[in-house]
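Q: here is a sequence with its predicted model. Questions after.
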Protein chains: 2
Amino acid sequence: MKIRNEEYNPIEVEEAGVKFFLPEKDSKPESEKKIGKSMSVFYNPRMTINRDLTICVVNTYSKQRTTKLSYCDSMAATGIRAIRLLKQCPGIEKVHINDLNPIAIETIKNNLELNEVPSGQYKLYTKDAKSLLSHFHEDTDEYFDIIDIDPFGSPCQYIPAAMQSISVSEGGGLLCATATDTPVLFGIKKEACIRKYLTSPIRTDFLKEMGTRIFIYYLAKIANLFELYIKPVISISANHFVRVFLLVRKGILGVNSNIREFGTYQYCRNCLHRSAEKFEYSKSTMKSNLCPICGETMISSGLLWLGDLHNSEYMTNLEGQLADSLIQSFPSYIQMKKFVELAKNENKFPPYFYSIPKLADSLNCTYPSLGKLREHLKELGHNSSRTHFDPQGLKTTASIVEMKNLLKNFQS
Amino acid sequence: MKIRNEEYNPIEVEEAGVKFFLPEKDSKPESEKKIGKSMSVFYNPRMTINRDLTICVVNTYSKQRTTKLSYCDSMAATGIRAIRLLKQCPGIEKVHINDLNPIAIETIKNNLELNEVPSGQYKLYTKDAKSLLSHFHEDTDEYFDIIDIDPFGSPCQYIPAAMQSISVSEGGGLLCATATDTPVLFGIKKEACIRKYLTSPIRTDFLKEMGTRIFIYYLAKIANLFELYIKPVISISANHFVRVFLLVRKGILGVNSNIREFGTYQYCRNCLHRSAEKFEYSKSTMKSNLCPICGETMISSGLLWLGDLHNSEYMTNLEGQLADSLIQSFPSYIQMKKFVELAKNENKFPPYFYSIPKLADSLNCTYPSLGKLREHLKELGHNSSRTHFDPQGLKTTASIVEMKNLLKNFQS
């Protein structure tokens, strides 16, 4: 395969029944190739769940809309996601495929041809994603119904542009955004988090949930700048990425309701007590800095999203789609099923969880299975749920004191 | 005067030696005309200090630069400011004059002609300011050295666009931004402040300083989104507007140093104790919510700018310019002189002041002149300064207890 006068060895790959080429300059066996920015065109098989889930969420979204939809993949790489959307989402009429890398665009052209996509169904761009998104409406008088922001690293710089080109008609546009800069979101690179995501993280035992809520907070804040507001429909943290799907709508009342979902975590590093308080903008009264359990000084995060992570209608629809034979053929079907099972009850609990191994560690004791713990919590009158954020995490209304007593009782 | 086939009665006005026309449909005497959005083209003689000060700040800025400069007035109205800059700022080579209102553009054309401005010195645009600013670099491969954002109301929506078209070479571009939505900045419309300026105000007796610092915080936050950082050079709150002049530069280290200037106010509504603490992002430790003086629960603002409001070099240069005969001919010369006198020491004190009448009110007592108070403060070992934010305000290192004792002592 020749692209721009250079010879590439096209590797044919298949994902969920869709074939596509990856251009490679060398002919190393697949197992020796490193996935990352050094690839001619980026493709990460570990991100399959990202694409599989997108198909399902877009199919749910399409059902809420009365017209055929446009989708923009602003950083399309091989084009696999856009092609899959055309093939596997009946609601999609047209895809706008962009990549700044000309080799990616040549690859996408080959892949569109390989999949016999009619030329009326797509449009190609070789632009900086920011530039495409921020000028699209002005240049064409159109908006995108669905925008995908899926960069290698932080998505922050693309979000203001996306807010300028997303449709807000009929219940809002669908923004799909991925962050792979998890050390920033999870509080390991604190300064970068403040700089990029506008808020300050803290170190807790529920980092992945905090990071996801920081990401949503950022998306809401940027939407709010444009008098838009957001409504998360599905949020997932998996395989070193966070991906959120959210509706973007217009209106000041909605902006105000977004603001009411912002709040902070308070965390006691001494006894591991945690709480989350929505920001009471009408009061401004300061909260006590002392742990209500042990009296030590607590730490606090900056503002983040304390509202729902998922929309129940979308979650129910997603669960329903798992019975579909096409969805069952998806490579990450098992992982998606697991996700739905673990995530579907997350909204019903406080916006944090307990990492059982960390708790046991602090008590210097062992711990039983989560199933056993949940039984005992039920006896104490506490509901609980596992969480997709952590295989050993438990969401519950029980306090840290109750959790510790429970673990201690298991030792005897 | 005919504009777009409608007859206008041109009113000739003069400001700082520059003549210009205002188009008016009716021929009411000047005294009966209302200034506001209802005017065909907006001109506010009460904003003269805004323009006079801009001339002085731009002249200071030009001295730091080695090349001739471009200036963009993104909402030019009559064009008076742009024309004055061409006439009164030797460093300005070209002005870009924009107004969305076609009547304004016709007026500006007449005014350019009246002032015999050569056609090579200006360029006219009839665009939405956001659109002009966000596309300018892409369309022309140029940046503006100086950008003026001076809308009727909130400037927030224009700032992201300005950050995309401002030059960051040679020590940075100069952004001049005005906010006239002071009820929002000063905490009267709290919800709108959170929505527009990204932070929450509180009710204190130093509202104008708080509002100015909220405005600068917002400008810094938006700059930071684009990996830019800001350095305020002159900040003024006067006649129901806040105007700040700031350098905009590029770099992550600078962004991090901006973040270190953010912090919150703590305020006790019981005893009027106030403090300001920079946000210690490395710690996250919560502050006590109890007033260190009286033990009551305090209120706290959201993050705002606690760094310098003015740059000492700019302030000194501004003071020097007051000896210039051109500057002395400016209509707001006296007001500018007063501003420099009151503002030049503000940086040396904590980022708040005491409103002496409010303090006296809380004690149900009278109060002496600020001069007398300052003498007594000096005897107690406290420096103090008047402030341009409030004719009855005092900046000092003295605590609320010392201030109250001082006022009480004056009663006997």
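A: All right, it came through fine.

Q: any idea which helix or strand carries the residue nearest to the spatial centre of chain A?
A: Against the mean C-alpha coordinate of chain A, by Cα atoms, centre = their mean, the closest residue is A:Arg243 at 1.5 Å. Counting by DSSP states H and E, the element that carries A:Arg243 is strand A:241-250.

Q: so after the helix or strand containing A:Ile83, what's the next helix or strand?
A: Element membership for A:Ile83, per DSSP H and E: helix A:80-88. Per DSSP H and E, the first helix or strand lying C-terminal to helix A:80-88 is strand A:92-98.

Q: ok, the strand holding A:Arg243 near chain B or not?
A: No. Using Cβ under 8 Å from any Cβ of the partner chain, strand A:241-250 stays clear of chain B, coming no nearer than 13.3 Å. (Each C-beta comes from the backbone N, C-alpha and C, glycine too.)

Q: which other residues reach that strand?
A: Contact with strand A:241-250 is made by A:47, A:50, A:53-54, A:57, A:150, A:163, A:166, A:168, A:171-180, A:182, A:185, A:208, A:211-212, A:215-216, A:219, A:223, A:227-236, A:314, as judged by Cβ atoms under 8 Å, 6 or more residues apart in numbering or on different chains.

Q: mind saving the C-alpha coords of the helix or strand just after that strand as CSV?
A: Later in the chain than strand A:241-250, the nearest helix or strand by DSSP H and E is helix A:252-259. The C-alpha coordinates for helix A:252-259 follow below in CSV (Å, rounded to 0.1, in the frame of the first residue of the first chain):
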residue,chain,number,x,y,z
ILE,A,252,-29.7,29.5,31.8
LEU,A,253,-32.0,27.5,34.0
GLY,A,254,-30.2,24.4,33.0
VAL,A,255,-26.9,26.0,33.7
ASN,A,256,-28.1,26.9,37.2
SER,A,257,-29.2,23.3,37.7
ASN,A,258,-25.7,22.1,36.7
ILE,A,259,-24.2,24.4,39.3
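
Q: what is the orientation angle of helix A:252-259 with strand A:241-250?
A: Angle of helix A:252-259 versus strand A:241-250, following axes from the mean of the first three to the mean of the last three Cα atoms, to 10 degrees, is 150 degrees.

Q: before we move on, back to that, return the subset of the contacts of strand A:241-250 lying in helices.
A: Judged by DSSP state H, these include A:50, A:53-54, A:57, A:163, A:182, A:185, A:208, A:211-212, A:215-216, A:219, A:223, A:314 as members of helices.

Q: closest to A:Thr396 out of these?
A: Of all the ones in helices among the contacts of strand A:241-250, A:Lys208 has the smallest distance to A:Thr396: 17.1 Å, by Cβ to Cβ.

Q: so A:His273 makes contact with A:Ile293?
A: Yes. Using Cβ atoms under 8 Å, A:His273 is in contact with A:Ile293, at 4.5 Å.

Q: so for the two, which residue has more residues nearby?
A: A:His273 (19 against 16; other Cβ atoms under 10 Å in any protein chain shown).

Q: picking that back up, quick check: neighbours shared by A:His273 and A:Ile293?
A: A:Ser399, A:Ile400.

Q: how about the residues of the stretch 1-150 of chain A near chain B?
A: A:Ser131, A:Ser134, A:His135, A:Glu138.

Q: which residues touch the first one?
A: Meaning A:Ser131. A:Ala161, B:Glu138.

Q: quick check: which element contains it?
A: With DSSP H and E as the test, A:Ser131 turns up in helix A:129-140.

Q: buried sites along that helix?
A: For helix A:129-140, the neighbour count (16 or more other Cβ atoms under 10 Å in any protein chain shown) marks A:Ala129, A:Lys130, A:Ser131, A:Leu132, A:Leu133, A:Ser134, A:His135, A:Phe136 as buried.

Q: and the next helix or strand past the helix or strand where A:Lys338 lies?
A: Per DSSP H and E: A:Lys338 is located in helix A:333-343. Beyond helix A:333-343 in the direction of the C-terminus, DSSP H and E gives the next helix or strand as strand A:354-355.

Q: state the mean pLDDT of that following strand.
A: Averaging pLDDT along strand A:354-355 yields 98.

Q: again, but for stretch A:144-155
A: Here the average pLDDT along stretch A:144-155 is 95.

Q: can you map out the helices along the stretch 301-412 of chain A?
A: For the stretch 301-412 of chain A, the helices defined by DSSP state H, counting those that start in this stretch cover A:312-321, A:325-328, A:333-343, A:356-363, A:370-379, A:400-411.

Q: which intervals of the stretch 301-412 of chain A have sub-threshold pLDDT?
A: A:412 (pLDDT under 70).

Q: rerun at 90
A: Applying pLDDT under 90 to the stretch 301-412 of chain A flags the ranges A:410-412.

Q: quick check: the residue of it nearest chain B.
A: Distances between the stretch 301-412 of chain A and chain B by Cβ to the nearest Cβ are smallest at A:Ser301, namely 7.1 Å.

Q: ok, that residue - contacts?
A: A:Thr199, A:Ser200, A:Pro201, A:Ile202, A:Met210, A:Thr264, A:Tyr265, A:Tyr267, B:Ser284.

Q: ok so, going back, now the helix holding A:Ile83 and strand A:92-98, what's the angle there?
A: Put simply, helix A:80-88 runs at 170 degrees to strand A:92-98, going by the same axes, to 10 degrees.

Q: just the CA trace of helix A:80-88, in PDB.
A: The C-alpha coordinates for helix A:80-88 follow below in PDB (Å, rounded to 0.1, in the frame of the first residue of the first chain):
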ATOM      1  CA  ILE A  80     -12.900   2.400  12.400                       C
ATOM      2  CA  ARG A  81     -15.300   4.100  14.800                       C
ATOM      3  CA  ALA A  82     -17.000   6.300  12.100                       C
ATOM      4  CA  ILE A  83     -17.300   3.300   9.800                       C
ATOM      5  CA  ARG A  84     -18.700   1.100  12.500                       C
ATOM      6  CA  LEU A  85     -21.300   3.900  13.400                       C
ATOM      7  CA  LEU A  86     -22.400   4.000   9.800                       C
ATOM      8  CA  LYS A  87     -22.800   0.200   9.600                       C
ATOM      9  CA  GLN A  88     -24.100  -0.500  13.100                       C
END
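
Q: and it, what does it pack against?
A: Taking 3 or more Cβ pairs under 8 Å, 6 or more residues apart in numbering or on different chains; DSSP states H and E as contact, the helices and strands that helix A:80-88 lies on are strand A:18-24, helix A:48-64, strand A:69-73, strand A:92-98, helix A:102-114.

Q: circling back: ok, residues contacting the helix holding A:Lys338?
A: Contacts for helix A:333-343 (Cβ under 8 Å, 6+ apart): A:49, A:52-53, A:56, A:234, A:236, A:238, A:309-310, A:315, A:318-319, A:322, A:327, A:330, A:385-388.

Q: buried stuff in it?
A: Quick answer for helix A:333-343 (16+ other Cβ under 10 Å): A:Tyr333, A:Gln335, A:Met336, A:Phe339, A:Val340, A:Leu342, A:Ala343.

Q: angle of that helix against helix A:312-321?
A: Going by the same axes, to 10 degrees, helix A:333-343 makes 140 degrees with helix A:312-321.

Q: make a PyMOL selection of the buried ones in the contacts of helix A:333-343.
A: In PyMOL syntax, the buried subset of the contacts of helix A:333-343 is picked out as below (16+ other Cβ under 10 Å):
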select buried, chain A and resi 49+52+53+56+234+236+238+309+310+315+318+327+330+385+386+387+388
